[in-house]
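A.B. asks: can't give you the sequence, but here's the structure:
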């Protein structure tokens with residue numbers, strides 16, 4: 001029988017096939033901003049995901065980067081980012097993913113992140129073992145920030161760019177290396193499986209981090225977030241492997 005996790009995996013892989021088929025091709029752009037691009041493919045991917053999720057769970061709600069669907073009064077809500085890393089995708093940089101989470105009221109129950117280029121799929125259920133392509137994962141054990149790789153997210157608004165630049169300068173001096181990867185969901189997936197040791201960003205959306213939060217925590221890491229002052233629709237996020245202190249980052 002279908003389960004929420006198997007349904008999320010099906011939706012992520014199906015959308016991944018669509019996205020992978022369009023990688024490197026001329027794409028239809030819906031909107032262009034100073035630091036972002038919206039593609040018609042984002043919409044198509046979310047519509048495909050929405051169809052699969054609501055076919056299995058017609059009474060559930062969908063909350064995604066490209067809009068809402070389903071029963072918005074339901075306590076069960078699917079949180080969807082149909083392409084996290086759209087700018088990377090548009091410029092044919094093979095680092096982007098699909099992120100799908102299911103939460104009941106305010107608690108995430110299922111998380112799936114799928115990189116269709118590398119065919120890497122992270123999955124987790126609350127209380128279960130997080131996996132990458134079916135193999136259990138855990139965070140790294142590095143304790144000293146000087147030994148760690150930290151990913152710093154660079155948000156789009158001018159004030160957040162200034163804040164992120166200051167954070168980057170701080171950790172460039174303290175960590176072994178800093179990275180700006182361009183996909184918050186993959187950053188968290190990489191923390192969960194030990195490729196990165198920490199991730200910090202001052203302004204991300206719920207759909208960027210909902211699945212990754214559960215992955216990081218299930219893999220032994222720490223995750224915390226808060227709503228930035230004056231920006232109620234965004235989250236400031238810090239995540240680590242659970243060995244290096246969040247106080248350091």
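C.D. replies: On my side now, so go ahead. Remember, predicted model here, so these are calculated numbers, not experimental data.

A.B. asks: For the longest helix that the chain contains, name the packing helices and strands.
C.D. replies: Taking residue count as the measure and DSSP state H as the definition, the longest helix of the chain comes out as helix 4-22. Using 3 or more C-beta pairs under 8 Å, 6 or more residues apart in numbering; DSSP states H and E as the contact criterion, the neighbours of helix 4-22 among helices and strands are helix 40-56, strand 76-84, strand 97-104, strand 107-115, strand 120-125. C-beta: built from backbone N, CA, C; applies to glycine.

A.B. asks: State the distance from the most centrally placed residue in the chain to residue 223.
C.D. replies: The residue at the geometric middle of the chain, judged as the C-alpha nearest the mean C-alpha position with C-alpha atoms, centre = their mean, is residue 185 (1.9 Å). Per C-beta to C-beta, to the nearest Å, residue 185 is found 13 Å from residue 223.

A.B. asks: In a markdown table, list the helices and strands packed on helix 4-22 along with mean neighbour count and distance to residue 90.
C.D. replies: As requested, those are arranged in a markdown table below (neighbours: other C-beta atoms under 10 Å; distance: least, C-beta to C-beta, whole Å):
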| stretch | mean neighbour count | distance to residue 90 |
| --- | --- | --- |
| helix 40-56 | 19 | 9 |
| strand 76-84 | 26 | 9 |
| strand 97-104 | 27 | 15 |
| strand 107-115 | 24 | 16 |
| strand 120-125 | 23 | 21 |
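
A.B. asks: closest to residue 133 out of those?
C.D. replies: Comparing these by their distance to residue 133 (C-beta to C-beta), the top pick is strand 120-125, with 5.9 Å.

A.B. asks: now the longest helix of the chain, how far from the chain's geometric center?
C.D. replies: In this view, helix 4-22 has its centroid 15 Å away from the chain centroid, taken as C-alpha atoms, centre = their mean, to the nearest Å.

A.B. asks: now do stretch 110-123
C.D. replies: When distances are taken as C-alpha atoms, centre = their mean, stretch 110-123 is centred 10 Å away from the chain's centroid.

A.B. asks: follow-up on the earlier one: just send the helices and strands packed on helix 4-22 back as a markdown table, with mean pLDDT too.
C.D. replies: Formatted as a markdown table, the entries for those read as follows, by pLDDT from 0 to 100:
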| stretch | mean pLDDT |
| --- | --- |
| helix 40-56 | 95 |
| strand 76-84 | 97 |
| strand 97-104 | 98 |
| strand 107-115 | 98 |
| strand 120-125 | 98 |
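
A.B. asks: so can I have TSV of the ones you listed showing distance to residue 167?
C.D. replies: Compiled in TSV, these are given as follows (distance: least, C-beta to C-beta, whole Å):
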stretch	distance to residue 167
helix 40-56	27
strand 76-84	20
strand 97-104	23
strand 107-115	23
strand 120-125	25
